[in-house]
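Student: Provided below are the primary sequence and the corresponding predicted coordinates.
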Amino acid sequence: MNLFDLSDKVALITGASSGIGAQQAKALSAAGASVVLLGRREQKLAALKLEIEAKGGWASTVVADLADFSNLDDIANACLQPYQQIDILCNTAGINMRQHADQLTVESWDETLQLNLKVPFFLAQKLVPQMFSRGWGKIINVASLQSQRAFNNGIAYGASKGGIVQLTRAMAEAWSSRGVSCNAIAPGFFPTELTQTVFEQGDLTAKLSQQTAIGRNGELQDLDGLCVFLASHGSDYITGQTIYIDGGFTAK
């Protein structure tokens, strides 16, 4: 058996319109999975679908806003519709408003915690029963450097990502005995829409690269191996873990 062959699996990626979510979709498709692309921006999803299909992959799109929690049941059902199953769930959609603690509002706090922490659990809760029926499933959450470090203007985001680490452990404890494992990746600095303001500052970008052990910031392709590993049979005895993929940023 090829431990990393996903040809009989279906993966749902939230936040697939761009950045880490789009990269995960490409990596999982290249490993053989059929992918369901969930996001708010129809044109970007359609373009990614065409890119995946041009390389021989299978992809479907679901245009929806996970911030509208009242529609979560409908969103989950729509994601199951194309292939009648979801084996791998990548909870990648997220938001970072970058507000200082002195200016943080109740509304922005609630929006951040809902999308970054509440939605990953309740979307998984709706999808794991059909994973249980097959005795196998993978959930990949997205943590952050801010899961363990405090950055400027990141109090709500950091709280949500600190919560993801514990949520990942708790989901693993609840569901792993029935075949569904749950792990998280914690990316360092990668060029995405969420980090655009950082990468627009050349001096800051250079400073951050020197804080890594490797000596450079991440490139999206650096995420591929870990994503496929955590989605595959190769990681069947790994659950409840948060793995930092940060070039050694947290090692220094």
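Tutor: Arrived safely. It should be emphasised that the depicted structure is a prediction, and the values quoted were computed from it without experimental measurement.

Student: From the structure, what's the count of residues near Asn153?
Tutor: A count of neighbours around Asn153, defined by other CB atoms under 10 Å, yields 15. In this view, the C-beta of every residue, glycine as well, is placed from N, C-alpha and C.

Student: count of neighbours near the nearest residue to it once chain neighbours are set aside?
Tutor: Across the structure, with CB to CB, 6 or more residues apart in numbering as the measure, the residue nearest Asn153 apart from its sequence neighbours is Arg98 (4.3 Å). Residues contacting Arg98 under the criterion other CB under 10 Å number 16.

Student: so Arg98, which of the three states?
Tutor: Put simply, Arg98 is coil when judged by DSSP: H, G, I helix; E, B strand; the rest coil.

Student: Now it: phi and psi?
Tutor: phi 50, psi 60 (degrees, to the nearest 10).

Student: and it, what pLDDT?
Tutor: Residue-level confidence at Arg98 comes out at 90, pLDDT.

Student: Please tell me how far it sits from Thr212.
Tutor: To Thr212, Arg98 is 22 Å away according to CB to CB, to the nearest Å.

Student: do Ala159 as well
Tutor: 25 Å.

Student: Ser108 too?
Tutor: From Ser108 over to Thr212 the distance is 30 Å, taken as CB to CB.

Student: Show me which of these two is the more surrounded one.
Tutor: For Ser108 against Thr212, the residue with the higher neighbour count under other CB under 10 Å is Thr212, and the figures read 19 against 15.

Student: Test my guess that the more buried one contacts Ile245.
Tutor: No - using CB atoms under 8 Å, Thr212 and Ile245 do not qualify as a contacting pair, with a distance of 11.1 Å.

Student: got any residues that touch both of these two?
Tutor: In terms of CB atoms under 8 Å, 6 or more residues apart in numbering, Thr212 and Ile245 are both contacted by the residues Gly188.

Student: which residues in this structure form strands?
Tutor: If DSSP state E is used as the criterion, the strands of the chain fall at 10-14, 34-39, 59-63, 88-91, 137-142, 180-187, 242-245.

Student: Which stretches in the stretch 1-150 of the chain count as helices?
Tutor: 19-30, 42-54, 72-80, 106-113, 119-132 (DSSP state H, counting those that start in this stretch).

Student: could these go into CSV alongside distance to Ile238 and mean pLDDT?
Tutor: Written out in CSV, the entries for these read as follows (distance: least, CB to CB, whole Å; pLDDT from 0 to 100):
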stretch, distance to Ile238, mean pLDDT
helix 19-30, 17, 97
helix 42-54, 27, 98
helix 72-80, 25, 98
helix 106-113, 27, 97
helix 119-132, 17, 98
